[in-house]
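Asks: please work out how this folds:
(one chain, ligands or ions: 2)
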Amino acid sequence: MSRRRAEPRLALVGNPNCGKTALFNALTGSRQKVANYAGVTVERKEGLFVSPAGTRVKVIDLPGTYSLRARSPDEEVTRDVVLGRFEGEDLPDAIVFVADATNLRQNLRLVLELKRLGHPLILALNMMDEAEKMGLGVDSARLSAELGVPVVPTIAVQAGGVQALLDQIDRDILVANAEGMAPSGAVCHWHEPSSHDLRDYHREVLRILSLCILTPGRGHSRTRTIDRVLLHPLTGLLILLTVLFLMFQAVFAWAAAPMEAIDLALGALTGWLDQALPDGLAKSLVNDGIIAGVGSVVIFLPQILVLFLFIQVLEDSGYMARAAFLLDRLMGGVGLHGRAFIPLLSSFACAVPGIMAARTIENRADRIATIMIAPLMTCSARLPVYTLIIAAFVPDRTLVGGWIGLPGLVMFALYASGILSGLLVALVMKSFWLKGAREPLLMELPAYRLPRVRNVALGLFDRAKAFLTRAGTTIFALMVVVWFLGNFPAPPDGATEPAIRYSIAGALGYALEPLVAPIGFNWQIALALVPGMAAREVAVGVLGTIYALSESGDALQSSLAGVLGQSWGLPTALSLLAWYVFAPQCLSTLSVVRRELNSRAWPALMFVLLTALAYGAAFVTYRLAQTLL
Ligand SMILES: Nc1nc2c(ncn2[C@@H]2O[C@H](COP(=O)(O)OP(=O)(O)OP(=O)(O)O)[C@@H](O)[C@H]2O)c(=O)[nH]1
Ligand SMILES: [Mg+2]
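Replies: Numbering: from 1, shown residues only. Ligands and ions are numbered 1, 2, ... in the order given. Predicted coordinates for the structure are as follows:
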């Protein structure tokens, strides 16, 4: 007797970018990432929902694929789940095939391939709103009859848009499956379709479509018009550069007012606590440890949100995939695959999802090259460090008649240095080591869509929540530790220097200083780099706390940037910026590299390589700045 499982399990399968994850979110109420390009989902995610008839159903979201002949690691996940080969996962009881109704010709081929497996199948005709707008009429009853599977229309991004699917799940699958759920451990036999099979599928799809398409509609005519400009080799590239440039200007310009407001609020809070709390350790812990430390990180929230606003709008509109096409030649020039673009672009948010997104790259050597340079794309955790130093050392002037802000320009240059170094590293690795033939970029261009305000707002809300949670947990805890290490042991009687000099933190900083003295770092920076391993932005918090503990009186009243501007020389500041372009210290990145490449050697190599690059770049910058300035 096979063991009966508690809930029936549905797997969402379909081509990339047809709305599987949007459907998953609509069914389960979760907030998995949805974006308008192929290859957003690269791993299996599961969730639960209760059907209208009250049955608990488990649903599995999967990476998109064109066929079960999986070519890349993300497609292998889908194949393995569908065939019951995925470790620790039973064969799904039914498949909900999600099809983009506006692109049925391509989608139906996979339906035919899946039908051969004999799984119960429901076809969700998604994006029906778009189909309707373009005048495309589908006879879903006929489609259902021809395919021999139930067909339901869905609009995954609209309230109530999945009701028909829910009803269908109750009606067919659950009833039929109540008796015969797939037994645990069952696998499904599948043979790779021969070229003969593929031709048959193709012919069959054309036959079915000729019967079921009532009105062909206009197709994606608007998208084609826009692409004439945006994909043009000249105007396209100019527009792309302008968009990226505006993004960095906006990070400064739009975030300035809210950052000032947070700064004022924190200042007022410190002032109030200063009055309200009795002098002593508790007051120092709150003011120097928590507010100066955590506060100096939290203040960057507006900038991070502006950056994400841009990324999200680019992703949702469908522009991201175009940028990949525009830059394909540049990427090819250094031996990178065109598909490396999206993983690298995601790495500007954080290298961890970026490295995971590299699963869409088929060739292992190409994948490794992409993963190795992902940390060179400036992640958002480095933004606070850059901004802090820019605020301290770069005058807030505008150029070109007030059009271009100098801080934004410097920021753009820092991001550009990261990108150029990444391309150089890739070129070296691909030329000497990870050699391979250049493969063409085959990637579907999604239709342009207006970003949904709700999706963007929820995305930003999630970002803000994650950032503040991190500030309130990891960064908070590290700050308390740093404050503690900075206060104990107490200075000896008659000590003349600030107390922190005599503390454990002081001793540690002094011990590390000789290592980083050649690149112009002082003991405070040396100390800040240590907890910066856990999260790069913590370095800023540590500097906040250390300087709050070291300075007294008036200095406390001025911002951290002001204090740094007075106590560091410009060469040191530039050297730290150069260090952070490479910034090797991020444990989560190293551990995800280990998991994704299933090797300890690659993360070790990455660490050594990035440290050497960071040290080398900081050294050269420091010496040059000393000589020239
Ligand atoms: N207009 C409209 N847009 C939709 C619908 N369903 C999804 N979308 C949009 O289509 C895009 C792709 O949605 P996803 O849910 O990320 O697609 P996916 O199938 O999970 O994609 P991969 O994970 O890359 O395979 C997003 O921009 C969604 O907002 C729909 O029914 N109507
Ligand atoms: Mg998805």
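
Asks: could you pull out the strands for the chain?
Replies: 9-13, 45-50, 56-61, 94-100, 121-126, 136-138, 151-153, 213-216, 398-399, 404-405 (DSSP state E).

Asks: could I have the fifth one exported to PDB, CA atoms only?
Replies: Listed in PDB are the C-alpha atoms of strand 121-126, where the atom choice follows Å, rounded to 0.1, in the frame of the first residue of the first chain:
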ATOM      1  CA  LEU A 121      -3.500  18.500 -16.700                       C
ATOM      2  CA  ILE A 122      -5.400  21.900 -16.500                       C
ATOM      3  CA  LEU A 123      -4.600  24.500 -19.000                       C
ATOM      4  CA  ALA A 124      -4.700  28.100 -17.600                       C
ATOM      5  CA  LEU A 125      -5.000  30.500 -20.400                       C
ATOM      6  CA  ASN A 126      -3.300  33.400 -18.800                       C
END
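
Asks: per-domain residue ranges of this protein.
Replies: 9-184+192-215, 233-435+455-628 (the TED database).

Asks: looking at those domains, spot the one closest to ligand 2.
Replies: Smallest distance to ligand 2 across the domains of the chain (Cβ to the ion): 3.0 Å, for domain 9-184+192-215. No exception for glycine: its C-beta is placed from N, CA and C like everyone else's.

Asks: next, the distance between the ends of the closest one.
Replies: 36 Å (Cα to Cα, to the nearest Å).

Asks: neighbours of Gly401, how many?
Replies: Close neighbours of Gly401, defined as other Cβ atoms under 10 Å, add up to 6.

Asks: quickly note the distance from it to Val251.
Replies: 21 Å (Cβ to Cβ, to the nearest Å).

Asks: contact partners for the residue in the stretch 401-550 of the chain that ligand 2 sits nearest to?
Replies: Nearest residue of the stretch 401-550 of the chain to ligand 2: Pro446, at 12.3 Å (Cβ to the ion). Listed by Cβ atoms under 8 Å, 6 or more residues apart in numbering, the contact partners of Pro446 are 17, 36-38, 318, 321.

Asks: give me the nearest residue to it, chain neighbours excluded.
Replies: Leaving aside its sequence neighbours, Pro446 sits nearest to Gly318 (Cβ to Cβ, 6 or more residues apart in numbering; 4.3 Å).

Asks: how about the one you found, phi and psi?
Replies: Dihedral pair for Gly318: phi 100, psi 0, per degrees, to the nearest 10.

Asks: give me the neighbour count for it.
Replies: Count around Gly318 with other Cβ under 10 Å applied: 23.

Asks: can you check the one 10 residues further on too?
Replies: Number of residues near Asp328 (other Cβ under 10 Å) recorded here: 19.

Asks: that one reaches Ala340, doesn't it?
Replies: No - the pair Asp328 and Ala340 fails to qualify as a contact (Cβ atoms under 8 Å) at a distance of 9.6 Å.

Asks: returning to what we had before: need the contacts of Pro446 in a markdown table (columns: pLDDT and distance to ligand 2).
Replies: A markdown table is the format used below for the contacts of Pro446 (pLDDT from 0 to 100; distance: Cβ to the ion, whole Å):
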| residue | pLDDT | distance to ligand 2 |
| --- | --- | --- |
| Asn17 | 96 | 8 |
| Asn36 | 94 | 11 |
| Tyr37 | 91 | 10 |
| Ala38 | 90 | 9 |
| Gly318 | 93 | 15 |
| Ala321 | 87 | 14 |
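
Asks: most neighbours among the residues you listed, which one is it?
Replies: Most surrounded of the contacts of Pro446: other Cβ under 10 Å gives Asn17, at 26 neighbours.

Asks: contact partners for Trp254?
Replies: Contacts of Trp254 by Cβ under 8 Å, 6+ apart are 302, 306.

Asks: return the distance of it relative to His196.
Replies: On the measure of Cβ to Cβ, Trp254 and His196 end up 58 Å apart.

Asks: now Glu76
Replies: Counting by Cβ to Cβ, the gap from Glu76 to His196 is 25 Å.

Asks: just for this protein, where's the confidence low?
Replies: The model of the chain has pLDDT under 70 over residues 1-6, 173-185, 437-438, 441, 551-558, 584-585.

Asks: close to ligand 2: what parts of it are there?
Replies: 20-21, 40-41 (Cβ under 5 Å from the ion).

Asks: longest single helix anywhere in the protein?
Replies: helix 235-276 (DSSP state H).

Asks: what ranges do the helices span in the stretch 1-150 of the chain?
Replies: Ranges of helices in the stretch 1-150 of the chain, per DSSP state H, counting those that start in this stretch, are 20-28, 73-82, 104-115, 128-133, 140-147.

Asks: what comes up buried for the last one?
Replies: Of the residues in helix 140-147, those scored as buried under the neighbour-count criterion (16 or more other Cβ atoms under 10 Å) are 140, 143-144, 146-147.

Asks: now swap in the third one and tell me
Replies: Of the residues in helix 104-115, those buried under the neighbour-count criterion (16+ other Cβ under 10 Å) are 104, 107-115.

Asks: any chance of these in CSV, with distance to ligand 1 too?
Replies: Formatted as CSV, the buried residues of helix 104-115 follow (distance: Cβ to the nearest ligand atom, whole Å):
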residue, distance to ligand 1
Leu104, 14
Asn107, 11
Leu108, 16
Arg109, 16
Leu110, 12
Val111, 15
Leu112, 19
Glu113, 17
Leu114, 15
Lys115, 20
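
Asks: show residues contacting stretch 506-516.
Replies: 485-486, 500, 521-527, 529-530, 546.

Asks: switch the cut-off to 6 Å
Replies: Identification of contacts with stretch 506-516 by Cβ atoms under 6 Å, 6 or more residues apart in numbering yields 500, 523, 526-527.

Asks: just the endpoints, please. Distance across stretch 514-521?
Replies: Taking Cα to Cα, stretch 514-521 runs 9 Å from one end to the other.

Asks: repeat that for stretch 346-355.
Replies: Criterion Cα to Cα; first-to-last residue distance in stretch 346-355 is 8 Å.

Asks: that one near ligand 1 anywhere?
Replies: No - with Cβ under 6 Å from any ligand atom as the criterion, ligand 1 is not reached by stretch 346-355; the gap is at least 12.4 Å.

Asks: burial check on Leu241, number of neighbours?
Replies: Per other Cβ under 10 Å, the neighbour tally for Leu241 reads 11.

Asks: who in the stretch 1-150 of the chain is up against ligand 1?
Replies: Proximity of the stretch 1-150 of the chain to ligand 1, by Cβ under 6 Å from any ligand atom, involves residues 14, 16-22, 34-36, 38-41, 63-64, 126-127, 129-130.

Asks: at 8 Å what do you get?
Replies: 12, 14-25, 33-42, 61-65, 98, 126-130 (Cβ under 8 Å from any ligand atom).

Asks: who in the stretch 301-450 of the chain is up against ligand 1?
Replies: Residues of the stretch 301-450 of the chain lying close to ligand 1 (Cβ under 8 Å from any ligand atom) are 315-316, 318, 446, 449.

Asks: turn these into TSV, including distance to Glu89.
Replies: Below are those laid out as TSV (distance: Cβ to Cβ, whole Å):
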residue	distance to Glu89
Glu315	29
Asp316	31
Gly318	32
Pro446	29
Arg449	32
